[in-house]
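# Mind folding the following:
(one chain, ligands or ions: 1)
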Amino acid sequence: MKVIYTDNNATTKVADEVIEEMVPYFGQFYGNPSSMHTFGDQVGKKLKQARQRVADLINADPDEIVFTSCGTESDNSAIFSALNANPDKKQIITSTVEHPAILNLFKFLRDKKGYDAVFVPVDKKGHLDTDMLYDSLSDNTAVVSLMWANNETGVIFPIPEIAKKVTEKGILFHTDAVQAAGKVPIDVKAANMDMLALSGHKIHAPKGIGVLYVKKGLKFHPYLIGGHQEKGRRGGTENTVSIIGLGRACELAAAHLPVMDKEVRQLRDYLQEQLLEKIPSVSVNGDLENRLPNTLSIGFDAVEGESILMLLDKESICASSGSACTSGSLDPSHVLLAMEVPFKSANGTIRFSLSHYNTKEEMDHIVATMVPAIEKLRAMSPFWKDGKMV
Ligand SMILES: Cc1ncc(COP(=O)(O)O)c(C=O)c1O
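Residues are numbered from 1 along each chain as shown. From the prediction side, this is the model:
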């Protein structure tokens, strides 16, 4: 059965154009870009092109691009660099709804390294409490790190505005733009970013390649100390093949931004409308007007997200749930809890995240699967009686 893939915030299909660009660099052009010979230099030249393509997606200069192994490494590198640059400052600020790449790092820094970590809350729609953020800034703040767009709900924070206010105070600002890249325009110059993280596998490049944008002139302390690669900002022989693929993926992502904004948004809205129309007791999480165009976080009362996923999986439909299903616990996600989404709805939340590869027929198939699936689960649910939640 053909897979219907609507889990693009988890990872994406590597685009055929990206694979095509990468293939010669596996077996044919395998030189080390740092070598003095022409064979290695050929790869070096191709990396230069890739660096330019990545820079273009976010309006950076190529020298401001540091290749890493993933979004998590980019986030960690940014924060450790900021702390090393400000050894006397002990306050660090983020939000309650970050990805674990930042959230767990901040908890580690608080619990094991004695930092005063501030987790700025969000409201019911997922908007950041910017008043609290600005009130928290002080001479003791080493870094502020906030995500551009949320991976679960798609809610977008006003990052350019926040970055401007934070950096005006001389405080370092990092943004995790892993979910925003390729879905909304990013302009690091206009937004006055200090550092920004991207991840290849969210934009149709392979897994295992990330980017940290580091503003020109910013004192950067490498996280991986080693060779002179990446102008001394990240030791280790470059993942040449993936970097080349990422370059092409960034070029495609830039070209597809209008498609994301129109066609993918329309598909997502269609799916949302259909589900809301055909199934009772359903609610959409997050600010509907201020979301990534591809993301739909939708809660079905009185059922469990995992059970829905299992029924979808039988139809080869890939989506994800809003629960952090770790170590056997089925707690609703920290993002939905932070937004005070009622447990009955958070527990039955499904995230559909689309890409330009999805079609209207696929959306129709999802709806046709969901309607009886929810009915079936509610018929067995102790929380559902006579067509409503009890
Ligand atoms: C917002 C956000 N930040 C960071 C990451 C981590 O990226 P990677 O998987 O490349 O480490 C993810 C991945 O899900 C993400 O959604």
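# CA atoms for contacts and neighbours, from now on please.
OK.
# centroid residue for the chain?
The C-alpha lying nearest the average C-alpha coordinate of the chain belongs to residue 179 (CA atoms, centre = their mean; 2.8 Å).
# interface residues of this structure facing the ligand?
Residues of the chain lying close to the ligand (CA under 6 Å from any ligand atom) are 10, 70-72, 99, 101, 150-151, 176, 178-179, 199.
# one step back: can you tell me the helix or strand for the residue nearest to the centre of the chain?
If you go by DSSP states H and E, residue 179 is not part of any helix or strand.
# Can you name the residues that contact it?
Neighbouring residues of residue 179 by CA atoms under 8 Å, 6 or more residues apart in numbering: 9, 148-151, 154, 198, 202.
# Equivalent analysis for residue 63, please.
Contact analysis of residue 63 by CA under 8 Å, 6+ apart lists residue 216.
# Give me the three-state assignment for it.
Recorded secondary structure, residue 63: helix (DSSP: H, G, I helix; E, B strand; the rest coil).
# if we can go back for a sec, between the contacts of residue 179, which has the most around it?
The most crowded member of the contacts of residue 179, judged by other CA atoms under 10 Å, is residue 198 (29 neighbours).
# thinking again about what came up before, ChimeraX command for the buried members of the residues of the chain next to the ligand?
Of these, the buried ones can be selected in ChimeraX as follows, counting by 16 or more other CA atoms under 10 Å:
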select :70,71,72,99,150,151,176,178,179,199
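# Greatest separation within the residues of the chain next to the ligand: which pair is it?
With CA to CA as the measure, no two of the residues of the chain next to the ligand lie farther apart than 70 and 150, at 17.3 Å.
# what about the helices in this structure?
Per DSSP state H, the chain carries helices over the ranges 16-22, 24-27, 38-58, 71-85, 100-113, 130-136, 159-168, 188-191, 240-259, 265-278, 305-314, 334-338, 343-346, 360-380.
# pLDDT averaged over the first one - what is it?
This predicted structure assigns helix 16-22 an average pLDDT of 98.
# What residues of it count as buried?
Buried residues in helix 16-22 (16+ other CA under 10 Å): 18-19, 21-22.
# Same question for the second one.
If you call a residue buried by 16+ other CA under 10 Å, then helix 24-27 has these buried ones: residue 25.
# Equivalent analysis for the last one, please.
Using 16+ other CA under 10 Å as the burial criterion, the residues of helix 360-380 that qualify are 362-363, 366-367, 369-370, 373-374, 377-379.
# Could you name the helices and strands sitting against that helix?
Packing partners of helix 360-380 (3 or more CA pairs under 8 Å, 6 or more residues apart in numbering; DSSP states H and E): helix 265-278, helix 305-314.
# That helix to helix 305-314, inter-axis angle?
With axes from the mean of the first three to the mean of the last three CA atoms, to 10 degrees applied, the angle from helix 360-380 to helix 305-314 works out at 130 degrees.
# The fourth one too?
For helix 71-85 and helix 305-314, the angle between their directions (the same axes, to 10 degrees) works out to 140 degrees.
# mind starting the numbering at 52 from now?
With the count now opening at 52, the last piece we talked about shows up as helix 122-136.
# which secondary structure elements does helix 122-136 contact?
Helix 122-136 is packed against helix 151-164, strand 192-198, strand 223-227, strand 246-250, strand 261-265, with contacts defined by 3+ CA pairs under 8 Å, 6+ apart.
# Need the CA coordinates for it. CSV is fine.
Extracted in CSV, the C-alpha atoms of helix 122-136 (Å, rounded to 0.1, in the frame of the first residue of the first chain):
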residue,chain,number,x,y,z
GLY,A,122,19.8,20.7,14.6
THR,A,123,20.5,19.5,18.1
GLU,A,124,24.3,20.1,17.7
SER,A,125,23.6,23.5,16.3
ASP,A,126,21.5,24.5,19.3
ASN,A,127,23.9,23.1,21.8
SER,A,128,26.9,24.8,20.1
ALA,A,129,25.1,28.1,20.1
ILE,A,130,24.3,28.0,23.8
PHE,A,131,27.7,26.7,24.9
SER,A,132,29.4,29.4,22.8
ALA,A,133,27.3,32.1,24.4
LEU,A,134,28.1,30.8,27.9
ASN,A,135,31.8,30.6,27.1
ALA,A,136,31.7,34.2,25.8
